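Enquirer: Model the following, please.
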Amino acid sequence: MKARPAIAITSSRSLLSPGYFAIAIPVWLGGGRPLRISPRSAPDPDSIDALIVAGGADVAPDLYGYQTVPRKRYNRVRDLNEIWWVEHARERGVPILGICRGAQLMNVAAGGTLHQAVRTAYRNARYPHHPIAHLAFRKRIFVDANSVFGRLVGRPELMVNSLHRQAIDRIGRGLKVTAREQNGVVQTIEDVRHGFCIGVQFHPELLIYRAVFRRLFRALIASALRLHSRRSRSTISVEATMKVSRNDPCPCGSGKKYKHCCYARDMEQRAQTAEAEAAKAAEEAAQAGSEADEAESDADGAGAADDARRRDHQKDRSRFQGDNRGKSSSFRPRATRGAQRGS
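Expert: Numbers count the residues shown, from 1 in each chain. Down below sits the predicted model:
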């Protein structure tokens, strides 16, 4: 039995966090072991195999050079804590998935900025406010087919939910936009040099009844499992050098600082390895999703065939009853015939 990779999920300080449990379910179903990160507690940073940055309150504007809105509450402690986790994961090649606010935080951590009110920043961006309307509302996004996310979902357009009031503005260092709405609102970002490092503005954990969104979690966990396996068998390798600070002595034993010796070579090798792994993860997840789609299609086809057979049977029965209406049947149970002879 394969060990489940450790998937760290950020959350607020609240012990009962619906957002955390909503993400933990598809992580567990996809083969991962969810671990909770909050300002209150966290696992060993070097023990996690993937990081999911979850949704929540708006990111504090002063973290990207804007003024805070009066009388609005922010959770700056959580923001700073999760920025540290994002930077830690990117430095060590740990797969990352940012969801809604998590994608925005990934962008801020990379030096990007946010639109504090999406409905004033874009035309035709007036989304519902009521929680029930939020959950039911769907909008179309257009996906870059040449991106990791595009290869993963395998389609140029997607219908997604919309629970956000802010949006990504200036893109951070090393990130690129891979999906937008028709009105221009950024919906997905990724770091192609990192491997699996994707931020989505929508909430895939609320859409796991569709195979394409389950595929996103499967791909993350597949990347995490490969990292977990490499850690288990590696000694001095690229993964080992990820744990070395640039100012530490180089692991090669030259006596020079790591940043003046093997750092550039190792980072280039890590980027090449991560890009190859991301492509492989996207291909595997796309294949798994296609198989799931085919299975669901077969099940739907079988159900439709059963419904057709039931309808035909009902028609035949109705026709038979119509042909024999008003006629006496020659069939009688044995007891009835015996009773007739006795009479």
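Enquirer: for the stretch 101-250 of the chain, what spans make up the strands?
Expert: 114-115, 139-143, 157-160, 167-168, 176-181, 186-190, 197-200 (DSSP state E, counting those that start in this stretch).
Enquirer: which helices and strands sit right next to the last one?
Expert: What it means is strand 197-200. When contacts are defined as 3 or more CB pairs under 8 Å, 6 or more residues apart in numbering; DSSP states H and E, strand 197-200 sits against strand 96-99, helix 101-109, helix 148-153, strand 186-190. Placement of C-beta: from N, CA and C, glycine included.
Enquirer: would you turn the ones you listed into JSON lines with mean neighbour count, distance to residue 216 and mean pLDDT?
Expert: Listed next are the helices and strands packed on strand 197-200 as JSON lines, based on neighbours: other CB atoms under 10 Å; distance: least, CB to CB, whole Å; pLDDT from 0 to 100:
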{"stretch": "strand 96-99", "mean neighbour count": "28", "distance to residue 216": "7", "mean pLDDT": "96"}
{"stretch": "helix 101-109", "mean neighbour count": "27", "distance to residue 216": "13", "mean pLDDT": "95"}
{"stretch": "helix 148-153", "mean neighbour count": "22", "distance to residue 216": "6", "mean pLDDT": "93"}
{"stretch": "strand 186-190", "mean neighbour count": "27", "distance to residue 216": "10", "mean pLDDT": "95"}
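Enquirer: wait, which of these is closest to residue 66?
Expert: Minimum separation from residue 66 across the helices and strands packed on strand 197-200 (CB to CB) falls at helix 101-109, 10.3 Å.
Enquirer: Show me the beta-bridge partners of residue 180.
Expert: Applying DSSP bridges to residue 180 gives these bridge partners: residue 142, residue 186.
Enquirer: quick revisit: for residue 75, find the nearest of the helices and strands packed on strand 197-200.
Expert: Here helix 101-109 is closest among those (CB to CB), at 10.1 Å.
Enquirer: quick one: contacts of that closest one?
Expert: 10, 52-59, 63-64, 79, 82-83, 86-87, 96, 98, 113-114, 164, 166-168, 171-172, 175, 188-189, 197, 199-201 (CB atoms under 8 Å, 6 or more residues apart in numbering).
Enquirer: Just the buried subset of those residues, please.
Expert: Among those, those classed as buried by 16 or more other CB atoms under 10 Å are 10, 52-56, 58-59, 63-64, 79, 82-83, 86, 96, 98, 113-114, 164, 166-168, 171-172, 175, 188-189, 197, 199-201.
Enquirer: counting contacts, what elements does the helix or strand hosting residue 35 pack onto?
Expert: Element membership for residue 35, per DSSP states H and E: strand 33-37. Using 3+ CB pairs under 8 Å, 6+ apart, the elements in contact with strand 33-37 are strand 6-10, helix 18-29, helix 76-92.
Enquirer: What is the shortest one packed up against?
Expert: Yep, that's strand 6-10 we're talking about. Under the contact criterion of 3+ CB pairs under 8 Å, 6+ apart, strand 6-10 touches helix 18-29, strand 33-37, strand 50-53, helix 76-92, helix 211-233.
Enquirer: Single out the most deeply packed of the ones you listed.
Expert: Of the helices and strands packed on strand 6-10, the one with the most neighbours on average (mean count of other CB atoms under 10 Å) is strand 50-53, at a mean of 28.
Enquirer: neighbours around residue 126, how many?
Expert: For residue 126, the count of nearby residues is 10 (other CB atoms under 10 Å).
Enquirer: Is it in contact with residue 119, as I believe?
Expert: Yes - look at residue 126 against residue 119 with CB atoms under 8 Å: they come within range, at 5.1 Å.
Enquirer: pLDDT wise, what is residue 307 at?
Expert: For residue 307, the model assigns a pLDDT of 63.
Enquirer: ah, wrong one, I meant residue 30
Expert: pLDDT, residue 30: 92.
Enquirer: do residue 330 as well
Expert: Value for residue 330, per-residue pLDDT: 39.
Enquirer: Same question for residue 219.
Expert: Looking at residue 219, the pLDDT reads 93.
Enquirer: returning to that earlier point: between the helices and strands packed on strand 197-200, which gets nearest to residue 130?
Expert: Closest to residue 130 of those is helix 101-109 (CB to CB; 19.4 Å).
Enquirer: what's the offset of that closest one from the middle of its chain?
Expert: Centroid separation for helix 101-109 versus its chain: 15 Å, with CA atoms, centre = their mean, to the nearest Å.
Enquirer: With just CA atoms, put stretch 178-188 into CSV.
Expert: What follows is stretch 178-188, C-alpha atoms only, in CSV (Å, rounded to 0.1, in the frame of the first residue of the first chain):
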residue,chain,number,x,y,z
THR,A,178,-3.1,31.0,-18.1
ALA,A,179,-6.9,31.6,-18.0
ARG,A,180,-9.2,34.7,-18.1
GLU,A,181,-12.8,35.6,-18.3
GLN,A,182,-14.1,37.3,-21.4
ASN,A,183,-14.1,40.6,-19.5
GLY,A,184,-10.4,40.1,-18.7
VAL,A,185,-10.5,39.0,-15.1
VAL,A,186,-7.6,36.7,-14.3
GLN,A,187,-8.8,33.2,-13.4
THR,A,188,-5.6,31.1,-13.3
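Enquirer: ok, residues contacting that stretch?
Expert: So stretch 178-188 is contacted by 103, 118, 122-125, 139-144, 147-150, 158, 160, 167-168, 171, 177, 189-190, 198-202 (CB under 8 Å, 6+ apart).
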